[in-house]
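[1] compute the structure for the input listed below.
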Amino acid sequence: MFYRFQRRFWAVFILVHCFQAEAVPKVPGRPTALQEKQGSAREANYGRQFQRKLARHTRAGRASFFRRFLPLRDGKRAFAERIAMVNRSREFVVATVYSINPDQYGFAFVESLVAAAKRGLSVTLLLDRNAQLAHDLRVDKAQKRRMRSLFKELQDVGGTLAFAGGWKMLWKRPGAGKHTKVLISDGRQAIYEGRNIGEDYVEKWSDFGALLEGPVVGDLAREALHLLNTSDPYRWHGLRSRRKDRQRYAVKLSQLGRLIETSSVLRSSRLNNSAHKPAYFAAWDPLGDERTFIPQGTNRVTRALVDAIDQAQKTITLSTNFFFPSWGLRKKLKRAAQRGVQVNIVTTGKGHGPGYNLGRWIVSLFSRDLHKAGCRFFETRKKEHGKLYLFDEELAAFGSYNTSMMSHALNADSLLFSVESQVVNSVREALNESIDQSVLRD
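    Sure, this is the predicted structure:
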């Protein structure tokens, strides 16, 4: 009975679609004045209509603005800007980092935070515990001891340390982490990028970031506070923090929240000042946001990218460490290539160790359909760690969101979208530089 119904269903389905395919299209009449106005508005592919749609994917549900944008492509310059920003801070410093390597750069960064805490500033540092432990496995005991002593010193002088990876996170979503990387100083400046702190990321890997000023710093600061509220007070050994530590941690976070909200620049972030340049900060935290199990398309960052891909008419260029996107994002890229959009994907090439060679083989295995559809894959000679997205040379995005299932379903990640020419040109130059240093995969 069931199979008979199934055969009838598919017969009706095929007949309906054949009838629709053979139907004669209606001859369009003369467009009305409203249709002409809508058509002219669509000529700006990523104009106001799309930007209103993009604003829905931000946590605040609105556009933000920035006054200053300084691209940080070179790793050493980006690290120097980090240290300088901490040194000139006067009220508070908030840093969310995926991991800090126990090397010269990691030690220098934590020492600058300790010095800031000794000057009386409110200093808060968030780490991902699993990523930090993974980095510690590759160094000797002396380096690990020095890093842990710096963490303890920071805590002793009044700094706040937190980690993602306690029982709360493991119970709700095994394998989840905090992957957003942002440094905020006094609510006036922020460095938002895809780099971790370490020699590999500063000297060897290709990445991108920016120094930002203006009301967008408010959105970054509130997102950092949101991530801290869904993390645990720092404790190196063990997964469970003590009750006294949690109470002290809650008090410090409430004090930090008051500092953020009373900052004069952050108060102005609620005003839509037309003199500022618009930006859209899309962020997602699988622990802090509502659902425990993310269905396809619920991640706000993924949805923003999907909308941008649907809107693209000419080119889509993106860079990522490993290309293993969610199925929805993958389907949209394939359809874009099939409708004539040139899709360029920049990722890490071979020759960077067995782990990367295995990842490259997996990527090539699951990307055959995209390759057949017309997507072009560029494999860089240098390790590619940038998270850059460019659509039709009109809309650009950068941040911490990799085109991977980890970023879609497990990690707290974010992207900053903008149509401003300064941002678009900087992202385009960075992508062109990576493509020039890469090989087109056959």
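[2] per-residue confidence for the nearest residue to Arg248 once chain neighbours are set aside?
    Closest residue in space to Arg248, ignoring its immediate chain neighbours: Pro233 at 7.1 Å, by Cβ to Cβ, 6 or more residues apart in numbering. (C-beta placed from N, C-alpha, C; glycine too.) Here the pLDDT value assigned to Pro233 is 79.
[3] spit out the contact partners of Pro233.
    By Cβ atoms under 8 Å, 6 or more residues apart in numbering, the residues touching Pro233 are 160-162, 241, 245-246, 248-249.
[4] for it, give its distance to Ala131.
    18 Å (Cβ to Cβ, to the nearest Å).
[5] over to Glu91?
    Taking Cβ to Cβ, one finds Glu91 at 29 Å from Ala131.
[6] name the residue in the two with the higher neighbour count.
    Using other Cβ atoms under 10 Å, the more surrounded residue of Glu91 and Ala131 is Ala131, with 21 against 15.
[7] the more buried one touches Tyr98, doesn't it?
    Yes. Judged on Cβ atoms under 8 Å, Ala131 makes contact with Tyr98 at a distance of 5.1 Å.
[8] intersection of neighbour lists for those two?
    The contact sets of Ala131 and Tyr98 overlap at 177, 196 (Cβ under 8 Å, 6+ apart).
[9] quick revisit: what's the closest of the contacts of Pro233 to Val182?
    Nearest to Val182 out of those is Ala162 (Cβ to Cβ; 14.2 Å).
[10] Val346 looks like it's in a strand, true?
    Yes. Residue assignment for Val346, taken from DSSP: H, G, I helix; E, B strand; the rest coil, places it within a strand.
[11] excluding sequence neighbours, find me the nearest residue to it.
    Leaving aside its sequence neighbours, Val346 sits nearest to Ser319 (Cβ to Cβ, 6+ apart; 3.9 Å).
[12] Gly61 too?
    Ala55 (6.5 Å).
[13] any idea how far the one you found lies from Tyr192?
    Counting by Cβ to Cβ, the gap between Ala55 and Tyr192 amounts to 18 Å.
[14] quick check, the residue nearest to Gly61 in contact with Tyr280.
    Yes. With contact taken as Cβ under 8 Å, Ala55 and Tyr280 are classed as touching, separated by 5.9 Å.
[15] any common contacting residues for these two?
    With Cβ under 8 Å, 6+ apart applied, the overlap between the contact sets of Ala55 and Tyr280 consists of Ala63.
[16] the two: which is more packed in?
    Here Ala55 and Tyr280 are set side by side on neighbour count (other Cβ under 10 Å), and the busier one is Tyr280, at 25 against 18.
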